[in-house]
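1. The following block contains a protein sequence and its predicted model.
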Amino acid sequence: MDLHSITKVSFSQVVALARAVDEHGGQADVARIAEDVEMELDGIGPIVAAAEFLGVVTVEDGDLRLTDFGRKLIKASVKERKAMLREFMKDLPVFRYVIQLIETSARPASRQDVIDALAVHFGSHSAEDLFRALVYWGRASELIAYDSRSELLTLRTPGVPMPPAH
Amino acid sequence: MAAPFLEVKHVSKSYFEAGKEFKVLETVGFELAERDFVCIVGPSGCGKSTLLRIIVGLDTPTAGSVRFEGKPLVPENPQVAMVFQSFALFPWLTVEQNVELGLEARHDPPERRHAQARKFIDAVGLAGFENAFPRELSGGMKQRVGIARALAVEPLLLCMDEPFSSLDALTAQSLRDEILQLWSTPDLPPKAVLMVTHSIEEAVYMADRVIVLSNRPGRVVAELEIDLPRPRNRKEPEFFGWVDEIYSLIV
Ligand SMILES: Nc1ncnc2c1ncn2[C@@H]1O[C@H](COP(=O)(O)OP(=O)(O)OP(=O)(O)O)[C@@H](O)[C@H]1O
Ligand SMILES: [Mg+2]
């Protein structure tokens, strides 16, 4: 599994899913949780997959079980959650690849540069989706900054605010 | 005795059409103290949004008054800020520009405005998204921008009108928890929160006190202290006890 499994899911949905499992004592049936959060099974499916990918829950025979990481995530503050996410994201191949690309390119990396590079590496059919996911999770983890106006990507030092781009 | 933090006194609101009176609110009264987190619940159309709009000064009552620390609202000094169900973001502005918008009336120097906007973008967990446009954000993130914008003016009172009702259930729950987390951070504004919701469970989950309105014209039928410890577990019988009690007051 890779970043594709989390292209359509937000971090807060994953955190809320973990909370819902925790309210059942840390273990519950997917159908049970779906009912709790008033979602259809096909709606909650991608969120469960993302939570599994991020190591927040394990899934076995339709049973969700909260991991230690998941437990820590629920208790953490919004800022601590970002740091935990960052730890996880920075080692994903696609992030390592794009961070290296930004670091080494002579001019600021543009949206097009990165999409092209993703297409070469991961196939062109999914490069756009992958780029969107990269931007979302890059921003959420504060690893990569993307200015939607200039369409340029830069690396971001977490906790240090970006200078305003005007 | 010092004046209450917020005093809503005998507030009535009617609309008049073709000489006929249409009553929306009838002598609504309650008080908020500092550190109160209060939810208003009531049936659809009972005047909840109207009441909130009157409190923040977007609408005027037909009778009665609203006072902060004994004084009427001063429009040029934002003591109150509002979070809307519809987010009310400007699509052509970035996250940061949307948050700064609320600060423009204050005539601060630009650096101060940037710093203030960034502080609250960070507080709602949107650091990293400063230069994103609303269309790039999920509903939950859009509402975080709405919350950051409201908090950035450092209001004394934060009003929220069904802030989670256009979000999916999981995102809504996440935001409820984050709002409560922000609320427990003592150095952040506001001094009190007043939130309208049609979800009784949401009110019991979040509020120290719940104000129950009747069918239109809205009147206060009950005020209940929710003394459940936090964080609250929606699976516990005590939680459902409160939900059932309020439910029986409304139907
Ligand atoms: N400008 C207006 N002119 C005439 N009637 C209005 C006006 N604004 C609101 N109303 C009416 O006042 C009543 C109360 O509206 P309000 O939006 O305050 O209710 P609400 O409790 O927030 O409802 P909901 O649960 O649907 O959000 C409704 O019947 C509405 O149609
Ligand atoms: Mg309303």
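-> That came through, no problem. Ligands and ions are numbered 1, 2, ... in the order given.

2. Could you tell me how many residues sit around residue B:229?
-> 7 (other C-beta atoms under 10 Å in any protein chain shown). For glycine as for every other residue, the C-beta is placed from the backbone atoms N, C-alpha and C.

3. quick one: pLDDT of it?
-> The model reports residue B:229 with a pLDDT of 94.

4. could you check the distance from it over to residue B:195?
-> Here residue B:229 is placed at a distance of 20 Å from residue B:195 (C-beta to C-beta, to the nearest Å).

5. ok, now which ones touch the residue nearest the centre of chain B?
-> Note on chain B: the residue nearest the mean C-alpha position is residue B:160, at 1.9 Å, using C-alpha atoms, centre = their mean. Contacts for residue B:160 (C-beta atoms under 8 Å, 6 or more residues apart in numbering or on different chains) come out as B:82-83, B:193-196.

6. from those, which is closest to residue A:157?
-> residue B:83 (30.7 Å; C-beta to C-beta).

7. Tell me how many other residues surround the closest residue to ligand 1 within the stretch 151-251 of chain B.
-> Ligand 1 sits closest to residue B:198 of the stretch 151-251 of chain B, with a gap of 5.2 Å, by C-beta to the nearest ligand atom. Residues lying near residue B:198 (other C-beta under 10 Å) number 16.

8. average model confidence for stretch B:91-110?
-> 88.

9. Check stretch B:188-205 too.
-> 95.

10. Helices of the chain, start to end?
-> Just so you know, I chose chain A. A:11-23, A:30-36, A:41-53, A:68-75, A:78-89, A:93-104, A:111-122, A:127-140 (DSSP state H).

11. could you do chain B instead?
-> B:48-56, B:95-101, B:110-123, B:139-152, B:169-183, B:200-206, B:237-250.

12. Can you name the residues of the stretch 1-150 of chain B that neighbour ligand 1?
-> Contact residues (C-beta under 6 Å from any ligand atom) of the stretch 1-150 of chain B with ligand 1: B:15, B:24, B:42, B:44-50.

13. right, and the pair among those with maximum separation?
-> Between all members of these, the farthest pair (by C-beta to C-beta) comes out as B:15 and B:42, at 17.9 Å.

14. Count the residues that sit near the residue of the stretch 151-251 of chain B at minimum distance from chain A.
-> Relative to chain A, the nearest point of the stretch 151-251 of chain B is residue B:174 (3.6 Å; C-beta to the nearest C-beta). Neighbour count for residue B:174, taken as other C-beta under 10 Å: 26.

15. Quick check, pLDDT for the nearest residue to it once chain neighbours are set aside.
-> Nearest non-adjacent residue to residue B:174, counting by C-beta to C-beta, 6 or more residues apart in numbering or on different chains: residue A:12, 3.6 Å away. pLDDT recorded at residue A:12 is 89.

16. do the same with residue B:75
-> Note on residue B:75: pLDDT of 69.

17. could you list every residue that touches residue 136?
-> Picked chain A for this. Residue A:136 touches A:10, B:136, counting by C-beta under 8 Å, 6+ apart.

18. please go with chain B instead
-> With C-beta under 8 Å, 6+ apart, residue B:136 has these contacts: A:135-136, A:148, B:129.

19. Could you check how far it is from residue A:154?
-> 17 Å.

20. what do you get for residue B:187?
-> 31 Å.

21. Neighbour count: those two, which is higher?
-> A direct count of neighbours by other C-beta under 10 Å for residue B:187 and residue A:154 places residue A:154 higher, at 14 against 4.
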